[in-house]
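J.: Fold the stuff below for me.
(2 chains)
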Amino acid sequence: MLLGVMATLAIPQWVDDFALIQITIYVVMAILAISQAFIWGFSGILCFGQATFFGLGAYTYALAVVNMGESTLPVLLAIALPGMFAVLLGYFMFYGRLSDVYMGVITLTVSLIFFSSVNSTAGPEWRIGNAPLGGFNGIPAIPSINFPGNPEDPLDAVTFFYLCAFSLIAIYGGLRWLISSRIGHVIVAIKENEQRATLLGFDARAFKLFAFTVGGCIAGLSGCFFANWGSFTSPTVFSLGQSAQIIVWVIVGGLGTLVGPIIGCMAIQWLTTQIGTQQTFNSNLVLGVILVVFVLLVPKGIIPSLGDVLQKLFGKKVAKGEDA
Amino acid sequence: MSTVPLIETRNLNMRFGGVHATRDVNFKLSDGELRCIIGPNGAGKSTFFKQLTGQLRPTSGQVLFRGQDITGCQPHVPARLGIGIKTQVPSLFNGLSVWENVWLSACRVYPKAKALEVTRDTLERVGLTNLQKSTAGMLAHGQRQWVELAVVIAADPGLILLDEPAAGMSDQEVRRTADLILEINKSHALIVVEHDMSFIRMIAKMVTVFHQGAILTEDLPDAVMNNPTVRQVYLGKKAA
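T.: Residues are numbered from 1 along each chain as shown, chains lettered A, B, ... in the order given. Below is the predicted model of the structure:
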């Protein structure tokens, strides 16, 4: 975390504006990655539709800020509304005792329903207050986050970077604290053996619902920052590609760690940007190859594998216990 | 002593399609009692346990714990009321340490400091202190049986259900497990399902025999083992 704080303070001094904006989107997506890392890696909930909460956060912020002008309440709404939707969806999944496979299918289907529904809102009749939904064209010119209570004073690129980066650090720290708390231990125990946890008297459904909601809120915040970053959002935030991308970040970074998916997300996004600068290779093709290589050759992901290598080299547990 | 049985079942039935797994089971256990349940494979013993712990909702009939109807309640509810179970195949948090396994059980019942104390005491009581840092999934079968026993007793339940606690153990381990169960019985009521008759002889005061989902007989161990019907359906005619 100290490294993260130091990097956050140093980056704006070292890089130009274009690079800073690029790094900011890496950080925004890393917040999304950490939400999936928590609910999948620590709670064992296989959610194929984390993009649902990301998209809800983006659209909630966009619609609210266009109507309200001032951004403080829209930011809070962009966290709360995806959280409430996670409660609703999670209630039916966990209290309906659905198995992991069905849970994956349902969460993916819900995100695709949002994708399809929002795509069909292009007409002028589709508006909430002053904000048109825009259909497949999305919502452009979304007002930026401003200093609380002062809509005339939006954050500049550097301040917005600080907001995103310190949010990521705070979320990382908060999740580390949660995982090490009693509730966190029970959540991990339920992932290990739900039957045993239940037979000890823990209501596994409630703990899973809590973890799923936390993940939904974090993804919602990420969506809010995303809408701010480009002053734009469109239905692609709910797309299959978006959901798949989040899963790839976690697999590449390392399931069961928090820092791994952050690194996986940033590395893949950087790579995607680099591939986009040339015409020889298609970026989706390269990402597909990376995923196959990781699944077959580095199934644990970057961070756990790195921990194993260091353990072999130095004969002691290094990095492995970092998140466990 | 209260006249209300610790646990009681009334006409408990469980059907899986055409299979009648338990049929009209009327069972009572008093506080502090140790009861052994025996019966051939498929007699309905494990199904009976699952009905007591809410893992299976009975087709008909009632389960009462301390007079409270717990029939078909959510599986975490009986545990909260004070029913602990050690399952037939050890069910542990395999990726966690022995200490964490036991602590998780204790922390559901006790506040933080007390939970740590109970965890330490329980590990010592079951003889697992030297294994407390080991990962549960890496232990041998017999050790896993004891860890699960420690997990169950750390929550201090009023009733402990043990499904084949001595399965897969050496003679020495079986002896130690029997001693442990007798020691636990000083403060807890237990129901023990077991196939090993020598183990039953070590611990049993009263034995209930299941056959084809129903209670065949309930009696003292020697009387059960000399019962010709029991010998025929379970022990075999030539059994001692």
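
J.: residue ranges of the helices in the chain, please?
T.: I'll assume chain A. A:2-14, A:17-36, A:51-68, A:72-94, A:100-119, A:157-180, A:182-192, A:194-199, A:204-229, A:240-253, A:259-276, A:283-297, A:302-314 (DSSP state H).

J.: right idea, wrong chain: chain B
T.: B:45-52, B:76-81, B:98-109, B:112-126, B:141-154, B:171-184, B:197-203, B:221-225, B:228-230.

J.: where does the chain have low pLDDT?
T.: Going with chain A. In the predicted model, chain A carries pLDDT under 70 at residues A:316-324.

J.: try again with chain B
T.: Checking chain B against pLDDT under 70 turns up B:1-2, B:234-240.

J.: give me the residue from it nearest chain A.
T.: Using CB to the nearest CB, B:Ala79 is the residue of chain B that sits closest to chain A, at 3.5 Å. Backbone N, C-alpha and C define where each C-beta goes, glycine included.

J.: Please tell me I have it right and A:Thr72 contacts A:Ile79.
T.: No. Between A:Thr72 and A:Ile79 there is no contact, the gap being 11.7 Å when judged by CB atoms under 8 Å.

J.: ok, those two, which is more surrounded?
T.: Neighbour count, other CB atoms under 10 Å in any protein chain shown: between A:Thr72 and A:Ile79, A:Ile79 has more, with 22 against 16.

J.: Next one: that one from B:Asn41, what distance?
T.: Note on A:Ile79: its distance to B:Asn41, by CB to CB, to the nearest Å, is 55 Å.

J.: What of B:Ser30?
T.: From B:Ser30 to B:Asn41 the distance is 29 Å (CB to CB).

J.: Could you check which of those two has the larger neighbour count?
T.: Neighbours around B:Ser30 and B:Asn41, counted as other CB under 10 Å, are more numerous at B:Ser30. The numbers are 16 against 7.

J.: That one and B:Ala189 touch, don't they?
T.: Yes. The pair B:Ser30 / B:Ala189 is scored as a contact, 7.3 Å apart, by CB under 8 Å.

J.: Need the residues touching each of the two.
T.: B:Leu6 (CB atoms under 8 Å, 6 or more residues apart in numbering or on different chains).

J.: Give me every residue in the stretch 151-300 of chain A lying close to chain B.
T.: Residues of the stretch 151-300 of chain A found near chain B (CB under 8 Å from any CB of the partner chain) are A:182, A:185-186, A:188-189, A:192-193, A:195-204.

J.: Swap in 7 Å and give it another go.
T.: The interface of the stretch 151-300 of chain A toward chain B, taken as CB under 7 Å from any CB of the partner chain, is made up of A:182, A:185-186, A:189, A:192-193, A:195-196, A:198-203.

J.: Going through those residues, which ones are buried?
T.: For those, a burial check counting by 16 or more other CB atoms under 10 Å in any protein chain shown picks out A:His185, A:Val186, A:Ala189, A:Glu192, A:Asn193, A:Arg196, A:Thr198, A:Leu199, A:Leu200, A:Gly201, A:Phe202, A:Asp203.

J.: got the buried residues for stretch A:223-234?
T.: A:Gly223, A:Cys224, A:Phe225, A:Phe226, A:Ala227, A:Asn228, A:Trp229, A:Phe232, A:Thr233, A:Ser234.

J.: what number of residues lie near the residue nearest to the second one when sequence neighbours are not counted?
T.: Spatial nearest neighbour of A:Cys224, chain neighbours left out: A:Ala78 (3.6 Å); criterion: CB to CB, 6 or more residues apart in numbering or on different chains. Using other CB under 10 Å, A:Ala78 is surrounded by 31 other residues.

J.: list the contacts for A:Ala78?
T.: By CB atoms under 7 Å, 6 or more residues apart in numbering or on different chains, the residues touching A:Ala78 are A:Gly57, A:Thr60, A:Tyr61, A:Gly220, A:Leu221, A:Gly223, A:Cys224.
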